[in-house]
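Novice: need a structure here:
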Amino acid sequence: MPLPRRTSTALGVFGAFAAGVIALLLLTQVGDHPLALLCAGILLVLVAHTLRSEQQSRRIHRRLDSVERIARDARSSVAALDRIETSISDTSQKKGLIRELTKMSRRSFEQVQATINLFEMFEVDAYVPPMRVWAVSPDAVSLLVEEMLDVRPTLVVECGSGTSTMWLALAAKQRGLTTRIVALDHSAEYAAKTNRLLERHGVADIAVARVAPLVDVIGVDGTTQKWYDPAAIQDLDGIGLLFVDGPPATVGSLARFPALPHLWSKLTPAASIVMDDMIRKDEREIVDLWVQAHPELRREHYTTEKRTEILRRRPA
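Specialist: The predicted structure is shown next:
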């Protein structure tokens, strides 16, 4: 029967400590005798190897924990659908349920795969909050990170902050990009959580969640609607990547529309604009309005879990 993770880690560390003590005793008691030096050297190499193995093991365990969370969600959903299926007698309804189950299983597998890819691409040394549901999905994060690595912007701006901010910062730092990430968040509490997350992962020097309260701004057709305080974006010039994932839909109709009108003049000519949640009618309408106002934009659609579109200026 395999030992629990904590027990195995504790035994490994204890073994390394014991080997180190024995090596020191050999050196102090026997002195510079060749055999003592050889044994002490072997033991010290063993200590270094053991500690390195334990460090790698902890990283792997963190990756497995994130994957296991997604797998648990998938199993719970499958179990719930199975209970529903047993209560349905109509054959056509059962076939429909099986189709939905197949789709959900495929989506869950895709999210597990995207999560594993992220953890394989970048070193992660601290806790990673769950993704999906209200948060951005792993496949959308992967798409966003790949876009940043392709564009190599000096400034990334996010409308909304969270796990995506952390992944962007990790990617920029570990791939040697001279990129700064600024995430706007209307909630001071949530911005503080994101900033603590950035600190734990050692990327607070290049990324920040900035509090930007919701205020009245000019929105669709010149009407007034709530959006981030323009004072929070005054210094954000030269944006090479814009990720629009806020404010939340609860703010009102077409809540994310003001992003492009208010940030358009701050974008670089080669900037990419990423809009998530395209499964929602409001977001589809917003992108339609943006393209009507800026016909030079071309759209690329990606079948992520919540559907994502990337807009870029057409080549001159």
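
Novice: in what helix or strand does residue 125 lie?
Specialist: Residue 125 is located outside every helix and strand, with elements delineated by DSSP states H and E.

Novice: any idea of the pLDDT on it?
Specialist: For residue 125, the pLDDT comes out at 88.

Novice: Next, work out how far apart it and residue 202 are.
Specialist: Counting by CB to CB, to the nearest Å, the gap from residue 125 to residue 202 is 7 Å. (Each C-beta comes from the backbone N, C-alpha and C, glycine too.)

Novice: Repeat that for residue 191.
Specialist: In terms of CB to CB, residue 191 sits 19 Å off from residue 202.

Novice: Those two - which one has more neighbours?
Specialist: Using other CB atoms under 10 Å as the criterion, residue 191 and residue 202 rank with residue 191 on top: 21 against 14.

Novice: which helices and strands does the one helix or strand that one maps to pack with?
Specialist: Applying DSSP H and E as the criterion places residue 191 in helix 188-200. Counting contacts by 3 or more CB pairs under 8 Å, 6 or more residues apart in numbering; DSSP states H and E, helix 188-200 packs against helix 163-174, strand 180-185, strand 207-211.

Novice: ok, 6 Å please
Specialist: Secondary-structure packing of helix 188-200 (3 or more CB pairs under 6 Å, 6 or more residues apart in numbering; DSSP states H and E): strand 207-211.

Novice: Report the buried residues of the strand it packs on.
Specialist: Across strand 207-211, burial judged by 16 or more other CB atoms under 10 Å covers 207, 208, 209, 210, 211.

Novice: right, and the helix or strand after it?
Specialist: As assigned by DSSP H and E, the chain's next helix or strand after strand 207-211 is strand 214-218.

Novice: Pull out the buried positions in that next one.
Specialist: Within strand 214-218, the residues scored as buried using 16+ other CB under 10 Å are 214, 217.

Novice: Adjacent strands (with direction) for that strand?
Specialist: Using DSSP bridges, the strands paired with strand 214-218 are strand 224-228 (antiparallel).
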